[in-house]
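> Kindly generate the corresponding structure for this input.
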Amino acid sequence: MKEIFEKIKQLRFEQGMTLKELSEKTDLSVSFLSQIERGTSSLAITSLKKIADAFGVKMIHFFEEPENLNYAVKKEDQKSFKIESSDSTFIRLSNNFTDRKIEPFLVTMQPHQRDIEMARHPGEEFYYVLKGALLITVDQNVYFLREGEAVHFPSTLPHMWENPLDQETILLSVITPVIFN
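Numbering: from 1, shown residues only. Modelled structure (predicted):
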């Protein structure tokens, strides 16, 4: 039960709410709310419902275990993989967590590798050239990017890419929507 009390206090601080303001929203007394936050009073389910409504959260919020994630992606945890329709090698640069919006990768393109047809899909794409060069066509515009240069575009536009060099090209890629959950 102690975790519920801590979550109530944390939500109140996160929302910048005083005990008096929470009391007004819940019709629970300030002294009772203070006892709840200190863990010195028991809490009926009806009172918890009032508190959840005041914070704009579902009651399940107070019973969920916090995510225990390591947000860092260490070099030794980065595994390369290939996608069936591509000669590129990909390395995921993120872990999973709730409501993640972007998908970052390190992409290695083989010498003279190129798409065979234009692609388009929902979302956005961002590429930063770390090594080599990238020739990318976005909606009939052709961009030649060298090391240190980037492109960012809505992926609803027709697009395709090519490594025009005799060496590998390495890109930092950030796309939406998230494809690995």
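> Helices of the chain, start to end?
Under the criterion DSSP state H, helices of the chain are mapped to 2-14, 19-26, 30-38, 45-55.
> Tell me which of those lies nearest to residue 179.
helix 2-14 (30.4 Å; Cβ to Cβ). C-betas here are computed from N, CA, C, even on glycine.
> who does the helix-or-strand element of the chain with minimal mean pLDDT touch, helix- and strand-wise?
Lowest by mean pLDDT, DSSP states H and E among the helices and strands of the chain is strand 80-82, with a mean of 82. Under the contact criterion of 3 or more Cβ pairs under 8 Å, 6 or more residues apart in numbering; DSSP states H and E, strand 80-82 touches strand 89-92.
> Strand partners (parallel or antiparallel) of the strand it packs on?
strand 80-82 (antiparallel), strand 103-109 (antiparallel) (DSSP bridges).
> For that strand, which residues meet the burial criterion?
89-92 (16 or more other Cβ atoms under 10 Å).
> Touching it from outside, list them.
With Cβ atoms under 8 Å, 6 or more residues apart in numbering as the test, strand 89-92 has contacts from 73, 78-83, 103-108, 180.
> swap in stretch 53-67?
Residues contacting stretch 53-67 (Cβ under 8 Å, 6+ apart): 3-4, 7-8, 11-12, 15, 17, 22, 25-26, 45, 48-49, 52, 97-98.
> for that stretch, which positions count as buried?
Neighbour count says stretch 53-67 has 54-55, 62 buried, by 16+ other Cβ under 10 Å.
> Distance to residue 131 and pLDDT for the residues you listed - can I get that in CSV?
As requested, those are exported to CSV (distance: Cβ to Cβ, whole Å; pLDDT from 0 to 100):
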residue, distance to residue 131, pLDDT
54, 53, 92
55, 48, 92
62, 49, 78
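> tell me which of those residues is nearest to residue 36?
Nearest to residue 36 among these: residue 62, at 11.2 Å, using Cβ to Cβ.
> separation between that closest one and residue 169?
50 Å (Cβ to Cβ, to the nearest Å).
> quick one: the closest residue to residue 177 other than its chain neighbours and residue 146, what's the gap?
Spatially, and ignoring its direct neighbours in sequence, residue 177 is nearest to residue 123 (5.0 Å; Cβ to Cβ, 6 or more residues apart in numbering). To residue 146, residue 123 is 25 Å away according to Cβ to Cβ.
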